[in-house]
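Participant: Only the shape, not the letters, is given here:
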């Protein structure tokens, strides 16, 4: 039975996903995987496309696409709960989707960071130095430079202003690139990456407008300069979704075993102390009577300390008395002699 053969209100279980290449991958990305229940909700006024419910959300498919998916019709049962196998399949699909999103975001942020640094050093900085050099040559009266500036109707002061814009652009691109390269795997720093992505995008827009107004670049160059910031913004938005779904998660992708070992060594001390404290408490509960409160226990210990102090004082008084008796006996014996 095909998915397109379902009637309104009927439910089926997907047995095989047809199509080939990108179409089949598109079906799988939408959650149309084997063993999943799908329910016919309603159709468009003309009967095509059709709205289905799968994984708790509504999905719209055309009949031609539904004919490529083979299903098994099941009876509708009230209060039916998902089986353990289906629930496990759903969680696995969601985890794979989150992992793919985190990995793609991490890699794109890292690559964009590297490309931003390269662009800053090879393009922005180079253009800035060239503009500053040409402005100096124009101030010295170089005829070729003056003729070229006259043809494009700009002055040496405009060249110096363009050079300053390029220098600022190079510095900011370098800083953002370094931060992206270092923080590409940190979900706890995704808010900072998001602000930096918006900042570099705004910088590229302002620099492009300024350079276009100075007749240094064409509007097409503005669009090309926005590609890297837009890619960065898209990648960071994916990492933001992962961070929102996993607020306690620090890394987008878990680091390698060596880093894990170092972190484990740092965190292994605290559980050991906690274990020692727990064993001491267990020993105290074993030694201490069951029906005694902490206040009563403290009073008992104070009483014992007081008793010990009294015993020591009594013992010292007895020793002093013995010593005095022995001295008196010695005196008496000496007098008799």
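Facilitator: Arrived safely. Everything numeric here is computed off the predicted structure, so don't read it as measured data.
Participant: going forward, measure contacts and count neighbours with C-alpha atoms only.
Facilitator: Will do.
Participant: Run through the strands of the stretch 1-150 of the chain in chain order.
Facilitator: With DSSP state E, counting those that start in this stretch, the ranges of strands along the stretch 1-150 of the chain come out as 11-17, 37-43, 50-54, 57-61, 69-74.
Participant: In its sheet, which strands sit next to the fourth one, and in what direction?
Facilitator: This means strand 57-61. strand 50-54 (antiparallel) (DSSP bridges).
Participant: next one: the second one
Facilitator: Sheet neighbours of strand 37-43, with direction, are listed as strand 11-17 (antiparallel), strand 50-54 (antiparallel) (DSSP bridges).
Participant: per-residue confidence at the closest residue to residue 54 other than its chain neighbours?
Facilitator: Excluding its sequence neighbours, the residue lying closest to residue 54 (C-alpha to C-alpha, 6 or more residues apart in numbering) is residue 38, at 4.9 Å. Per-residue pLDDT puts residue 38 at 86.
Participant: hang on, the earlier thing: return the most buried member of the strands paired with strand 37-43.
Facilitator: strand 11-17 (a mean of 20; mean count of other C-alpha atoms under 10 Å).
Participant: Just give me how far that one sits from the chain centre.
Facilitator: Remark: strand 11-17 is offset 35 Å from the chain centroid, using C-alpha atoms, centre = their mean, to the nearest Å.
Participant: tell me the angle it makes with strand 69-74.
Facilitator: Counting by axes from the mean of the first three to the mean of the last three C-alpha atoms, to 10 degrees, strand 11-17 lies at 150 degrees to strand 69-74.
Participant: who's in contact with strand 11-17?
Facilitator: Strand 11-17 is contacted by residues 3, 6, 24, 27, 32-40, 68-76 when judged by C-alpha atoms under 8 Å, 6 or more residues apart in numbering.
Participant: Tell me the spacing between residue 102 and residue 244.
Facilitator: If you measure residue 102 against residue 244 using C-alpha to C-alpha, to the nearest Å, the figure is 12 Å.
Participant: So between the two, which is more surrounded?
Facilitator: residue 102 (25 against 12; other C-alpha atoms under 10 Å).
Participant: For residue 2, list the residues it contacts.
Facilitator: Counted by C-alpha under 8 Å, 6+ apart, residue 2 has contacts 66, 67, 68, 69, 70, 71.
Participant: which one among the residues you listed gets closest to residue 251?
Facilitator: Nearest to residue 251 among the contacts of residue 2: residue 69, at 37.4 Å, using C-alpha to C-alpha.
Participant: Please name the bridge partners of the closest one.
Facilitator: Using DSSP bridges, the beta-bridge partners of residue 69 come out as residue 17.
Participant: Surely it and residue 6 touch.
Facilitator: No: with contact defined as C-alpha atoms under 8 Å, residue 69 does not count as touching residue 6 (11.3 Å).
Participant: Under the pLDDT cut-off, which ranges of this structure? List them.
Facilitator: 75-95, 256-321, 323-324, 327, 334-337 (pLDDT under 70).
Participant: quick one, domains of it?
Facilitator: 3-75, 98-245 (automatic domain parsing).
Participant: just these: most buried one?
Facilitator: domain 98-245 (a mean of 18).
Participant: Could you tell me how far it lies from the centre of the chain?
Facilitator: 25 Å.
Participant: so how far is the first residue of it from its last?
Facilitator: Span of domain 98-245 from end to end, C-alpha to C-alpha: 9 Å.
Participant: As CSV, the strands paired with strand 37-43 with distance to residue 253 would be great.
Facilitator: As requested, those are exported to CSV (distance: least, C-alpha to C-alpha, whole Å):
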stretch, distance to residue 253
strand 11-17, 30
strand 50-54, 29
